[in-house]
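Undergrad: Sequence and predicted structure, then a few things I'm wondering about:
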Amino acid sequence: MKEIMDALDALEKEKNISKDDIMEAIEKSLYSACEKDFGKDTDFSVHMDRETGEIKVFAHKLVVEEVYDSRSEMTVEEARKIDPNYNIDDEVPVEITTRDFGRIAAQKARGIIVQAIKEGERTAEFDRYKDKEHDIITGVVQKFIGNNLSVSLDERTDTILNEKEMIPGEFYERGDRIHLYVVEVKKNLKGGFRIMVSRTHPELVKRLFEREVSEVEDGTVEIMSVSREAGSRTKIAVKSNNDKVDAVGACVGLNGQRVNTIVDELNGEKIDIIEYNEDPAIYIEHALSPSKVVSVTVDPEEKAARVVVPDFQLSLAIGKEGQNARLAARLTGYKIDIKSESQERELEEAAGDFEDTDDSDYSEDTESIDE
């Protein structure tokens with residue numbers, strides 16, 4: 001049995017398959033072999049010693065006065081040859097040796113073991129990638145399949161980067177190494193599994209900062225929120241858990257080295273790093289950077305804010321096609337109504353109070369601006 005145990009040890013080490021799982025599969029295969037040779041009506045048990053690998057198969061027989069079925073019954077005399085203490089109605093385990101198994105039964109046993117090994121390999125592979133869910137993995141570009149991209153993750157595992165999950169304007173060539181965010185890993189009906197990945201997910205930016213910025217990785221600097229329009233611009237809010245560490249400066253790095261590394265990884269996508277603040281008015285002011293802000297009035301219950309900016313800063317605050325205001329709204333979770341100082345004065349003169357009559361409101365669902 002030493003050879004069996006050595007083989008199981010090798011499988012566990014090389015294939016990352018649990019030795020106990022394989023032993024259970026062997027027990028099940030031998031049980032199936034017993035059924036093949038002796039019928040399903042016979043009561044069997046199979047045990048493989050976890051230390052020595054020794055296998056024992058027992059048929060459980062009932063002690064009776066007169067035997068009608070020798071597969072499940074035995075006389076008192078037969079039972080007492082095994083143990084003198086057996087009596088009527090006792091159950092006796094009778095060991096069956098391997099030579100009692102026929103050729104077909106042995107083939108079936110081997111088939112079940114092979115299948116168990118294959119399933120174990122799939123399970124091990126699934127578990128390995130399941131642990132990487134919501135994290136970054138590296139893949140190698142293989143080829144385009146229609147508008148989607150086939151990416152190799154290792155020797156046996158590929159995934160598909162869907163067209164809508166690619167960064168707009170990004171170009172891929174065979175052999176390119178790319179970082180992918182693992183959105184979800186789930187099993188399919190055929191026994192395999194699917195790894196859903198993205199290059200556009202906001203969490204990809206967060207994970208890249210965790211890799212590039214040691215202060216983020218160790219928790220000194222915390223990323224509070226990320227809003228992103230992939231391929232164009234991202235806003236990220238950070239705070240420091242150490243008064244001696246500047247959160248924004250740590251993420252930018254010396255001469256912008258850290259943030260520029262991430263910008264390069266994202267094919268030139270602009271990244272605004274702003275300081276998080278528990279005061280929503282200050283937080284919103286920071287989020288609208290690089291625009292200057294005159295005042296911010298917030299309604300915490302409605303999650304709405306009214307922002308006044310200098311006249312010459314209105315276009316900057318709103319951004320091209322409303323992008324700056326839209327990203328700020330997603331970052332803070334507030335609906336943001338932006339007015340210039342002259343617009344605010346006109347409204348005060350006309351109504352004397354706050355009344356939402358302008359179309360320059362931005363929330364997570366806002367996609368355009370009526371200028």
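TA: Noted; the coordinates are in hand.

Undergrad: Just say helix, strand or coil for the residue sitting nearest the centre point of the chain.
TA: When CA atoms, centre = their mean is applied to the chain, the residue found nearest the centroid is residue 133 (1.5 Å). Under DSSP: H, G, I helix; E, B strand; the rest coil, the three-state class of residue 133 is coil.

Undergrad: List the residues that contact it.
TA: By CB atoms under 8 Å, 6 or more residues apart in numbering, the contact list for residue 133 reads 182, 183, 184, 185. Where you see a C-beta, it was placed from the backbone N, CA and C, and this is true even at glycine.

Undergrad: where's it relative to residue 207, distance?
TA: For residue 133, the distance to residue 207 equals 12 Å [CB to CB, to the nearest Å].

Undergrad: ok so, going back, with secondary structure and pLDDT added, can I get the contacts of residue 133 in JSON lines?
TA: JSON lines is the format used below for these (DSSP: H, G, I helix; E, B strand; the rest coil; pLDDT from 0 to 100):
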{"residue": "182", "secondary structure": "strand", "pLDDT": "96"}
{"residue": "183", "secondary structure": "strand", "pLDDT": "96"}
{"residue": "184", "secondary structure": "strand", "pLDDT": "95"}
{"residue": "185", "secondary structure": "strand", "pLDDT": "94"}
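
Undergrad: nearest to residue 147, of those residues?
TA: residue 183 (18.4 Å; CB to CB).

Undergrad: so who does the closest one touch?
TA: Listed by CB under 8 Å, 6+ apart, the contact set of residue 183 reads 133, 134, 196, 197, 198, 201.

Undergrad: and of the residues you listed, the nearest to residue 333?
TA: Of all the contacts of residue 183, the one sitting nearest residue 333 is residue 201; the distance, using CB to CB, is 18.3 Å.

Undergrad: any idea how far the nearest residue to residue 304 once chain neighbours are set aside lies from residue 94?
TA: Counting by CB to CB, 6 or more residues apart in numbering, residue 304 lies nearest to residue 335, which is 4.5 Å off, once chain neighbours are set aside. Computed with CB to CB, the distance linking residue 335 and residue 94 is 78 Å.

Undergrad: So for these two, which sits in the more crowded spot?
TA: It is residue 335, of residue 335 and residue 94, that has more neighbours when counted by other CB atoms under 10 Å, with 19 against 13.

Undergrad: ranges for the helices of the stretch 151-300 of the chain?
TA: Assigned by DSSP state H, counting those that start in this stretch, the stretch 151-300 of the chain shows helices spanning 202-212, 214-217, 247-252, 257-265, 280-287.

Undergrad: buried ones in stretch 276-289?
TA: Neighbour-count burial for stretch 276-289, with 16 or more other CB atoms under 10 Å as criterion, is recorded at 276, 277, 280, 281, 283, 284, 285, 286, 287, 288, 289.

Undergrad: That concludes my questions; thank you for your assistance.
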